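Novice: Build me a model from this:
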Amino acid sequence: MLIIGDLLEPSAVVSAKYCIVGSGMAGSALAQQLAESSPDVLLIEAGAINSGNEASERNSRIHAEFGGRRFGLPFTRSIGLGGTSNWWHGGWGMLDPIDFESRPWIECSGWPIGHHDLAPFYEDCAAKFGMSASSFSERELDRRFPQRLTDIEFDNRILRPKILQIESSPFRWKSTILDLGRTGRLRCIFNATALELKANEDGTRVVELLVGVAQHTVRIRADVFIVCAGALETPRLLLNSRTRIPAGLGNTYGLVGRYLLDHPMGHYSKLRFERPTKAPLYSDIRISDATRLRIGLRMAREYQSRHQIPNHYLWIRPSISPDRIDDDVLLSFLAVKRPRHLSLRQIMALLTNRDILYRVLIYRFGVNATYWYGDLLFMTEQLPNHDSRVELSKSVTDRYSYPVARIEWRLKDADFSGFEKYTTLLFRDALRSEQYTVARRDTLASWVENFRSSAHHLGTTRMADHPRHGVVDRNLQAFGIDNLFVCDGSVFPTSGSVNPVFTILALSRRLGQFLLNGRYSSLVAAWTQGASAGVDTMPRNSPRGSTT
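Specialist: Presented below is the predicted three-dimensional model:
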């Protein structure tokens, strides 16, 4: 059932077994999984189903205050049914085992779960989307393309392949949620902004969620609440939930909103090939009608440990000129959803920059790439930083008078010195061949000035084994709160250096299994015995107001 939030009556109360906040990657995947086993899943979405009307324009605007390094947020966030899956470019990549480990040279590193804990859920997600998790392994790459890895020469004892798969037609969750809602398998209230989670007297249980619709509010009561609003809005909701807990829910040790992470991304230096070179694995190679393979390069685990460096990786991207690409223009262009969203500056850059035009021909139209030059494009692992954070604005509020998020994306000096060390080692030890020379070696100052956000917002409700070190436990349950869970990129303790979609979906499958098969299965009995009796002012199956 699809419910227009604007038309719900003031102070209406809606009850459910599961209430999920946010219909992006994690929220929609979890809603689908739970709806397969439970008849009572409620999804709350701030945005609209369709664009172009007053409600959708009002709710789709980004409301935030910014400090620190800029994020380029308007290019990369989508508030609407399906969330940021509506903007996703279809890139799949898996975290490496080392990303989950406690690394002595990286402060606050280490997940409370290991790669092996997520492995079956990576496989489950891959199968659901028509892939195999084994296709992300070096062994499978060697089997399928035994000669192609050596098309570009480097020291393979140091550099190892980082495997990404790209969907030609990226999956959008919007159609799935519409189908589930229209067939009655879940309820979704859209144009509904989650404002505040209200707890019981001792703060150990969430009693209800206050939701803003039109010019008034309604209340949601559920046995289990799962917040999947992303690493920027999830901490805002928890920090605004101060009815019983002055510091905000889950914030006993002041960690909600802390450790905001991204993947600093940009071009750095350039190779010149001695003769035109074909290297399809490193540009784009089609492995099915729907999927392409693209290979980056990462440092071997032993080399990272020996030299105490983060797990960055790089692409060698085909280029036909020695010129430097404007990262601001290029990364903004890559984030644009449709051609009509291109700015005049981006259009002019597209028409005048030979390398950008060349890559459009390769990646959009399937032209076989020839390397005259190779741009080195880095996706880097940001070091956890307590001072990089999302907090509440002291001066800006939304239309319901709740503080908006103030985003302070900050990097440490060690991020920059570590990147300089990494690239020095890269050129000294790994990228050494008679096949190419270094055509341009950029300065660290150039990197610091030009890198950009990858729009992979992570880390603000980090997972840990103890509340002194994080906000949620290994099962994504908020410490000390019986029925509150978080499932989105905010739970990452460290970021690795790859698109987080695959890992977020694997975490959502793992949480869904826990909720359905773990101790929370007993809540079905509690609910059916009348735990919510007398609460509803709006029946579950006949909401007041219009539906679509």
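Novice: for the stretch 151-300 of the chain, what spans make up the helices?
Specialist: Ranges of helices in the stretch 151-300 of the chain, per DSSP state H, counting those that start in this stretch, are 173-182, 230-239, 280-283.
Novice: doesn't residue 85 fall inside a strand?
Specialist: No. Read with DSSP: H, G, I helix; E, B strand; the rest coil, residue 85 is helix and lies in no strand.
Novice: Without its sequence neighbours, what residue ends up closest to it?
Specialist: The shortest distance from residue 85 to any non-neighbouring residue, by Cβ to Cβ, 6 or more residues apart in numbering, is to residue 173 (4.5 Å). (C-beta placed from N, C-alpha, C; glycine too.)
Novice: circling back to that earlier point, want to throw the helices of the stretch 151-300 of the chain into TSV with distance to residue 493, mean neighbour count and mean pLDDT?
Specialist: Below are the helices of the stretch 151-300 of the chain laid out as TSV (distance: least, Cβ to Cβ, whole Å; neighbours: other Cβ atoms under 10 Å; pLDDT from 0 to 100):
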stretch	distance to residue 493	mean neighbour count	mean pLDDT
helix 173-182	26	18	91
helix 230-239	12	27	96
helix 280-283	31	21	92
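Novice: out of the ones you listed, nearest to residue 505?
Specialist: Smallest distance to residue 505 across these (Cβ to Cβ): 10.4 Å, for helix 173-182.
Novice: Report all helices and strands that that closest one contacts.
Specialist: If you count contacts as 3 or more Cβ pairs under 8 Å, 6 or more residues apart in numbering; DSSP states H and E, helix 173-182 packs onto strand 2-4, helix 25-35, strand 187-190.
Novice: one step back: and the helices of the stretch 151-300 of the chain as a markdown table, adding distance to residue 153?
Specialist: Formatted as a markdown table, those follow (distance: least, Cβ to Cβ, whole Å):
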| stretch | distance to residue 153 |
| --- | --- |
| helix 173-182 | 42 |
| helix 230-239 | 39 |
| helix 280-283 | 11 |
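Novice: Give me the angle between the lengthiest helix in the chain and helix 230-239.
Specialist: Identified as the longest helix of the chain according to DSSP state H is helix 501-517. Calculated by axes from the mean of the first three to the mean of the last three Cα atoms, to 10 degrees, helix 501-517 forms an angle of 50 degrees with helix 230-239.
Novice: Please work out which residues outside helix 501-517 touch it.
Specialist: Helix 501-517 has contacts (Cβ atoms under 8 Å, 6 or more residues apart in numbering) with 18, 25-26, 29-30, 33-34, 37-38, 88, 91-95, 117-118, 121-122, 124-126, 224, 226, 228, 475-476, 485, 487-489, 491-492, 496, 520-521.
Novice: Show me these that map onto helices.
Specialist: Within the contacts of helix 501-517, residues falling in helices by DSSP H are 25-26, 29-30, 33-34, 117-118, 121-122, 124-126.
Novice: Any of the contacts of helix 501-517 buried? List them.
Specialist: For the contacts of helix 501-517, a neighbour count by 16 or more other Cβ atoms under 10 Å gives the buried set as 18, 25-26, 29-30, 33-34, 38, 88, 92-95, 118, 121-122, 124-126, 224, 226, 228, 475-476, 485, 487-489, 491-492, 496, 520.
Novice: Low-confidence bits of the stretch 201-350 of the chain, can you list those?
Specialist: Within the stretch 201-350 of the chain, the ranges that satisfy pLDDT under 70 run 327-343, 345-346, 349-350.
Novice: Show me how this protein divides into domains.
Specialist: Split into domains by automatic domain parsing, the chain comes to 1-129+171-261+456-548, 131-169+265-379+412-452.
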